[in-house]
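Peer 1: mind looking at a prediction? Sequence and model below.
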Amino acid sequence: MVRSPSLCGIILAAGVSSRMGRDKALLPWPVGHPGGLRNTLLGAWIELLRPHSDMVIVVGGTNSPTLEPVIYSIGGFLVRNRTPELGQFSSLRVGLNEVLGRGRDSAIVALVDRPPIQPATMAHLHSAFLGALEQNFWAVAPEHGERHGHPILLDREMIEALLRAQLTATARDILHANATHLCYVPVDDARVVMNIDTQEDYDRLAMEKT
């Protein structure tokens, strides 16, 4: 029988949001909501991941002090990437080291500049991950319209592969190098492949039912 993994949520939120002009983690969510700590992109992601993980860790950068009120109000944990200028892969490694350091062995990795996926999609990915472990897969990622998306669920083997890699690599490089252990799961949720990079991207989501 395959062990039940001890999952930990990781939300990467250390970016400077230069194209948006304000911290995307603190954008109101759903779009148009008047605000509040929970009603932000970051708050929505924490609440989405909590039912599927033992804890949710947010990786911040220089913006960590402004993220703290949101994170702690919802029972999340904050870890700071001291060198966010090295890019997203450096934040991922900070988060994964924190997962292992807290005695967990699997992770759900989400990006704060993606709209939160539907709860049913998250539940489906979690279930698919548990099944994939029995088939010697190390990771599960959603697929929509032939495009691969997020969040990604990682088992211990893939976590260690990511941590062994050179800092100059990217997560995509490592996942592709271990493609035989990566399972793509088709989902009927376009949000898994959406980005929120600009104000126009964010405003476009107001047309959706959130």
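Peer 2: Alright, I've got the coordinates. Numbers count the residues shown, from 1 in each chain.
Peer 1: how far away is Arg38 from His52?
Peer 2: 18 Å (CB to CB, to the nearest Å). In short, each C-beta sits where N, CA and C put it, glycine included.
Peer 1: go on, Leu162?
Peer 2: Taking CB to CB, one finds Leu162 at 20 Å from His52.
Peer 1: and the two? Which one has more around it.
Peer 2: Using other CB atoms under 10 Å as the criterion, Leu162 and His52 rank with Leu162 on top: 22 against 19.
Peer 1: ok, now which ones touch that one?
Peer 2: If you count contacts by CB atoms under 8 Å, 6 or more residues apart in numbering, Leu162 has them with 92-93, 96, 154, 171, 174.
Peer 1: try 7 Å this time
Peer 2: For Leu162, the contacting residues are 92-93, 96, 171, 174, by CB atoms under 7 Å, 6 or more residues apart in numbering.
Peer 1: likewise Arg104?
Peer 2: The neighbours of Arg104, taking CB under 7 Å, 6+ apart as the test, are 6-8, 54.
Peer 1: circling back: which of the contacts of Leu162 ranks first by neighbour count?
Peer 2: Tallying neighbours with other CB under 10 Å puts Leu92 at the head of these, with 26 neighbours.
Peer 1: name the element that one belongs to?
Peer 2: helix 88-101 (DSSP states H and E).
Peer 1: so which residues make contact with the very next helix or strand once past that helix?
Peer 2: Next helix or strand after helix 88-101 toward the C-terminus (DSSP H and E): strand 106-111. By CB under 7 Å, 6+ apart, the surrounding residues in contact with strand 106-111 are 5-12, 45, 49, 52-53, 92, 96, 99, 150-156, 159.
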